[in-house]
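A.B. asks: The sequence and its predicted three-dimensional model are supplied below.
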Amino acid sequence: MNILKAKFKIHGGVHPKYRKELARDEETKRLPLPDILRISTTQHLGAPSKPVVKKGDYVKKYQLLAEAAGFISAPVHSPASGTIKDIVTGTGASGAPVTEIILETNNTSDAELTGVYPTDEWQKLSPETILNRIREAGVVGAGGAGFPTYVKLSPPPDKKIETLIINGAECEPYLTADYRLMLEHPECLIAGIQIICKVLNVTEAYIAIEDNKPEAIELLSKYLEDKKIENIKVSTLPTYYPQGAEKQQIYSITGREVPSGGLPADVGVLVENTGTTVAIYNAVIKDLPFIERTTTVSGYGIETPSNVIAPIGTPYQELIDFCGGAKDDVKKIISGGPMMGFAQATAETTTTKTTSGLLLLTAKEISQFESSPCISCGRCIAACPMNLMPAELSQFCEAEDFESAAANRVMDCMECGCCAFSCPAHRPLVQHFRTAKAFLRAQPKK
C-alpha cells in the first residue's frame with residue numbers, strides 16, 4: 001500500500017474557514033497573453049537578478065532578461081517575445097521597491113520549446129548536469145519563499161539527505177492551484193520527484209497531502225501503483241493549518257524536529273513544493289525556463305473563482321478581468337493566502353514565480369477591528385506551531401527591546417499568523433515580529 005497516514009501531530013495550529021470549494025473544481029485555464037508585462041528582478045530570496053537587457057531591445061520568448069547576481073539568486077527569462085519599453089523601480093507584492101523590466105509583448109503565439117530532450121534522457125545525466133539545467137532555468141520555490149532550487153538541491157557534503165518530502169498540503173485557505181496541478185499533471189509531478197531523488201541520491205520520498213483532498217490522494221496513489229513505483233508514497237496529513245509548513249510537515253511524517261535556527265537538511269530531510277517539482281520537470285526534460293505559474297484567483301469578491309496559468313509579470317488586474325471582474329462589495333485584495341499573504345493597495349501589482357493566489361475578499365470574509373492591550377489569555381501560545389511565546393515577544397517588540405526578542409527566539413517565527421488569528425485582543429503580533437526580524441537581520445553579525 002502506498003498511502004500512509006502521518007504518524008505525529010504538530011503542536012499548535014488553527015482551523016480557519018478554508019473556502020477551497022470556490023475554485024477547487026475549476027479546471028485550470030490559461031490567461032491570454034497580456035499586452036504589457038512588468039517583470040520583477042526580485043522573483044526569489046537572496047540578491048535580485050541583474051538585468052542584461054536595455055530599453056529598446058527586442059527579446060524572444062525564453063530569452064534571458066536578468067542574470068543571477070550571486071550564489072543565492074536566480075535568473076529571470078522572458079515569458080514572451082516583444083520589446084523592452086523601460087526598466088523602472090516599481091513596488092512588489094510585499095510593498096518593497098523592486099526593479100521591473102517593462103515588456104511590450106508582440107501579442108502573437110510564440111513557439112513552445114517542448115520536447116527538446118527525450119523524456120528518458122535525464123536518467124543518463126549526471127546530478128551536476130541536472131542541477132545546471134535547474135539553475136539555468138531559474139527554478140525557485142513556488143510555494144511562497146522563493147528559495148533558489150539549485151542551491152536547495154546542493155546541501156553541504158556533511159548533510160546527507162535521506163528523505164524527500166513533496167509538499168502538496170496547500171494548507172492556506174482558498175488556494176487550490178497545487179491541488180489542480182496534482183489532478184491534472186500527475187505524470188509531470190512524479191517524474192520531477194524521480195529527478196530530485198537522482199540528484200540527492202535519495203530512495204525514500206513522500207507526497208504530503210492534507211486529507212481534505214481525497215481525489216488527489218486517490219489519483220496519485222493509483223498512478224504510483226499502475227507505474228509500479230514503490231519508493232514514492234502518498235502521506236496523508238490531517239487538515240490543520242499550518243500543516244504545509246516544512247518543519248511541521250517533517251515532524252508529522254518522520255517525527256524528526258528541525259533544531260532552532262537549523263534547516264531540514266540538519267535532520268536529513270529536504271522538502272519541495274509541488275509547483276517547484278513540476279518546474280524542475282519542465283527544466284530538465286523540456287528545457288523550459290520558469291516563466292509562468294498557476295495562481296488561484298478566488299474569494300467571494302470575484303465573479304468566477306478560477307485557477308489561472310499566467311506569465312510572470314502579469315498585472316493582477318488582468319487576472320481579475322479574466323475571471324469575470326470584481327464584485328462591487330470587494331473590501332480587500334490579498335496577494336497569496338489570507339494567513340500569510342500581503343494586502344494590496346492596487347491591482348496593478350504583478351505576478352512573480354511565487355504568486356500562489358490572488359484573493360478578492362468581501363466584508364463577510366474579513367474583520368474590521370482595533371487592537372487592544374494583551375489580556376494574557378494564552379491562546380496565542382497554544383496556537384503557535386513553533387512553541388514560542390507570542391504575547392511576551394510582542395511586548396518586547398513594542399518596547400523595541402529586540403535583543404530580548406532575539407533571546408526568546410523571534411527569528412524562529414515563520415509568520416504563519418496563527419497567533420494573530422487566535423488573539424481576542426486583535427494584537428498585530430505578526431507585524432511586531434516582522435519588524436523585529438527585519439531589525440535583527442540588518443544588524444552586523446557578531
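C.D. replies: Arrived safely. Residues are numbered from 1 along each chain as shown.
A.B. asks: Quick check: the gap between Leu37 and Lys85.
C.D. replies: Between Leu37 and Lys85 the computed distance is 10 Å (Cβ to Cβ, to the nearest Å). Yep, even glycine has a C-beta here, placed from its N, CA and C like the rest.
A.B. asks: cool, Gln317 as well?
C.D. replies: From Gln317 to Lys85 the distance is 18 Å (Cβ to Cβ).
A.B. asks: What of Cys377?
C.D. replies: From Cys377 to Lys85 the distance is 54 Å (Cβ to Cβ).
A.B. asks: Pick out whichever of these two has more residues nearby.
C.D. replies: Lys85 (16 against 13; other Cβ atoms under 10 Å).
A.B. asks: On the three-state scheme, that one is what?
C.D. replies: Recorded secondary structure, Lys85: strand (DSSP: H, G, I helix; E, B strand; the rest coil).
A.B. asks: wait, isn't it in contact with Glu104?
C.D. replies: Yes. The pair Lys85 / Glu104 is scored as a contact, 4.9 Å apart, by Cβ atoms under 8 Å.
A.B. asks: Now for the two: what residues contact both?
C.D. replies: Ile36 (Cβ atoms under 8 Å, 6 or more residues apart in numbering).
A.B. asks: Enumerate the positions of stretch 372-391 that are buried.
C.D. replies: Across stretch 372-391, burial judged by 16 or more other Cβ atoms under 10 Å covers 374, 379-381, 383-386, 388-391.
A.B. asks: among those residues, which are in helices?
C.D. replies: 379-381, 383, 390-391 (DSSP state H).
A.B. asks: Between the residues you listed, which sits nearest Val271?
C.D. replies: Using Cβ to Cβ, Ala383 comes nearest to Val271 of those, at 22.3 Å.
A.B. asks: Could you name every residue contacting both of Leu37 and Lys85?
C.D. replies: Shared contacts of Leu37 and Lys85, counting by Cβ under 8 Å, 6+ apart, come down to 102-103.
A.B. asks: Under the pLDDT cut-off, which ranges of this structure? List them.
C.D. replies: Along the chain, segments meeting pLDDT under 70 span 1, 107-120, 445-446.
A.B. asks: how's it carved up into domains?
C.D. replies: 3-24+114-285, 379-442 (automatic domain parsing).
A.B. asks: Could you export those as TSV, including distance to Lys50?
C.D. replies: Listed next are those as TSV, based on distance: least, Cβ to Cβ, whole Å:
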stretch	distance to Lys50
domain 3-24+114-285	13
domain 379-442	22
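A.B. asks: how about the ones you listed, which one is nearest Ser335?
C.D. replies: Here domain 3-24+114-285 is closest among the domains of the chain (Cβ to Cβ), at 10.4 Å.
A.B. asks: So what's the residue count around the spatially closest residue to Lys54 that is not a sequence neighbour?
C.D. replies: Closest residue in space to Lys54, ignoring its immediate chain neighbours: Ile84 at 6.7 Å, by Cβ to Cβ, 6 or more residues apart in numbering. Counted with other Cβ under 10 Å, residues neighbouring Ile84 total 20.
A.B. asks: so Ile84 touches Lys60, yeah?
C.D. replies: No. Using Cβ under 8 Å, Ile84 makes no contact with Lys60, being 11.8 Å away.
A.B. asks: What ranges does the protein have for its helices?
C.D. replies: With helices called from DSSP H, the chain shows them at 127-136, 149-152, 177-184, 186-200, 214-226, 246-254, 274-285, 316-322, 379-383, 390-398, 402-407, 418-422, 429-442.
A.B. asks: For my notes, please list the ones you listed in JSON lines and give distance to Ala6 for each entry.
C.D. replies: Output for the helices of the chain, formatted as JSON lines (distance: least, Cβ to Cβ, whole Å):
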{"stretch": "helix 127-136", "distance to Ala6": "29"}
{"stretch": "helix 149-152", "distance to Ala6": "23"}
{"stretch": "helix 177-184", "distance to Ala6": "17"}
{"stretch": "helix 186-200", "distance to Ala6": "18"}
{"stretch": "helix 214-226", "distance to Ala6": "12"}
{"stretch": "helix 246-254", "distance to Ala6": "4"}
{"stretch": "helix 274-285", "distance to Ala6": "17"}
{"stretch": "helix 316-322", "distance to Ala6": "34"}
{"stretch": "helix 379-383", "distance to Ala6": "19"}
{"stretch": "helix 390-398", "distance to Ala6": "25"}
{"stretch": "helix 402-407", "distance to Ala6": "32"}
{"stretch": "helix 418-422", "distance to Ala6": "19"}
{"stretch": "helix 429-442", "distance to Ala6": "26"}
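A.B. asks: For Ser73, find the nearest of the ones you listed.
C.D. replies: Closest to Ser73 of the helices of the chain is helix 149-152 (Cβ to Cβ; 9.0 Å).
A.B. asks: List the contacts of that closest one.
C.D. replies: Defining contact as Cβ under 8 Å, 6+ apart, one finds that helix 149-152 is touched by 71-72, 74, 131, 134-135, 139-141, 270, 272, 276, 279-280.
A.B. asks: on that earlier part again, for the residue nearest to Lys54, give its distance to Asp57.
C.D. replies: Distance of Ile84 to Asp57, given as Cβ to Cβ: 5 Å.
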